[in-house]
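**Q** Could you work out the structure for the sequence below:
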Amino acid sequence: MSNPYESLEQKAFWRPAVGGRNVLEIENLWSPKFSIVKRQKVITAGSCFAQHIGKALAKNGFTWFDAEPGPVASSSEERALLHKNGYGVFSFRTGNIYTAALLKQWLAWAISPETQSSEIWETDGRFFDPQRPAIEPGGFSSREEALEMRAITLAAIRRAVTEASVFVFTMGLTEGWENSRTGVAYAMCPGTLAGEFNADEHLFINYRHRRIYNDMRDVLRMARTLNKNLRFLLTVSPVPLTATASGDHILVASMQSKSTLRSVAHELCEDFRGVDYFPSYEVISSPPFRGMFFQPNQREVSPKGVEHVMTYFFEGLASLGAGKPARLVPESAAGAPPVAAPSDDDIQCEEAMLEAFEK
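**A** Model prediction:
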């Protein structure tokens, strides 16, 4: 008597696909829904791990689109300074976008700038944008400058989404902070990188599955009002939380956050056309890999881990005939893309700055 399992491929069974293999020889993890060819513009945003994807795309000959390039730099020192100030990190100068709520807010403001919040934080005569408080480490010189620079970024987001073929978004956190009076989402908790915390005004939210799904659904719909053919490639950052305001142990909070994001990503892929998921989270965090791709702090991903992830990425694209470099060019390789290619030590991760508050 036959049954559905008799016709399944080898990859559907744990022993031949995982348990009976050298962990470094696990294959066929990703079967892309759509191809990405080198001439197509690809934009990246999200958590710090998204920076690795943008860098790898550029170094391997793909068209990573920087819609908000900084001033021309004449030296490595100038390029490093521009990078520190948020240029060439993502496709637009937003800094890390850890939550779906913040991504939705940025896109809504980009489409309708008149709806944006005018809230700007002042600290010691310097001014900070609550949606990207680390973008100018020393702050802006005035409230007007902060808003003018945000307007440039909103225009860059519109341009990026309008011109791109693929939007790679790395989902990072479920935990976030909002203004309880206005509903505006913040990039970080006020009072950590900039601003002052007000318990009556600043609200912690651990976004639930339904809210994250709905926010991402709205992102897809809004983006496609600008570009009906835009495709989305979702990933979940494998980097654990630095700190949690949930009251749970950090290990429990991290697992809850990542599993929720992973579930949302799966359902979005099932429910919407032109949406795919790349398993960077699984490659780094799954039990068979035994944490081998983490740095000693068990949080940051090692360069070897990033290289291993991106090998799966380019092999998956090659399976659709998108082309594959003869050898994956790792991030540390010589040569630079048109934008500054920072070292691994220069990965911008605002959430990691919460380590400063450890007891």
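
**Q** In the helix or strand of the chain with the lowest mean pLDDT, which residues are buried?
**A** Least confident helix or strand of the chain, by mean pLDDT, DSSP states H and E, is helix 76-84 with a mean of 89. Taking 16 or more other Cβ atoms under 10 Å as the basis for neighbour counts, the residues of helix 76-84 that come out buried are 79, 81-84. Where C-beta positions appear, they are placed from N, C-alpha and C, glycine not excepted.

**Q** That helix: how far from the chain's middle?
**A** Relative to the chain's own centre, helix 76-84 is displaced by 21 Å; criterion: Cα atoms, centre = their mean, to the nearest Å.

**Q** and the next element down the chain from that helix?
**A** Stepping forward along the backbone from helix 76-84, the first helix or strand reached (DSSP states H and E) is helix 100-111.

**Q** what pairs with the helix or strand just after that next one, and is each one parallel or antiparallel?
**A** Using DSSP H and E, the helix or strand that follows helix 100-111 in sequence is strand 121-123. The strands that strand 121-123 pairs with in its sheet are strand 126-128 (antiparallel) (by DSSP bridges).

**Q** could you give the angle of the helix or strand following the strand it pairs with to helix 100-111?
**A** Scanning forward in sequence from strand 126-128 by DSSP H and E, the next helix or strand is helix 143-163. Per axes from the mean of the first three to the mean of the last three Cα atoms, to 10 degrees, the angle that helix 143-163 makes with helix 100-111 is 90 degrees.

**Q** Okay, and the beta partners of the most centrally placed residue in the chain?
**A** Taking Cα atoms, centre = their mean as the criterion, Gly46 is the residue nearest the geometric centre of the chain, at 2.3 Å. Residues found in beta-bridge contact with Gly46 (criterion: DSSP bridges) are Thr170.

**Q** what's the distance between stretch 259-278 and the middle of its chain?
**A** Relative to the centre of its chain, stretch 259-278 is centred 15 Å away, using Cα atoms, centre = their mean.

**Q** how many neighbours does Ser259 have?
**A** By the criterion of other Cβ atoms under 10 Å, Ser259 has 14 neighbours.

**Q** secondary structure element for it?
**A** Remark: Ser259 resides in helix 250-271, with elements defined by DSSP H and E.
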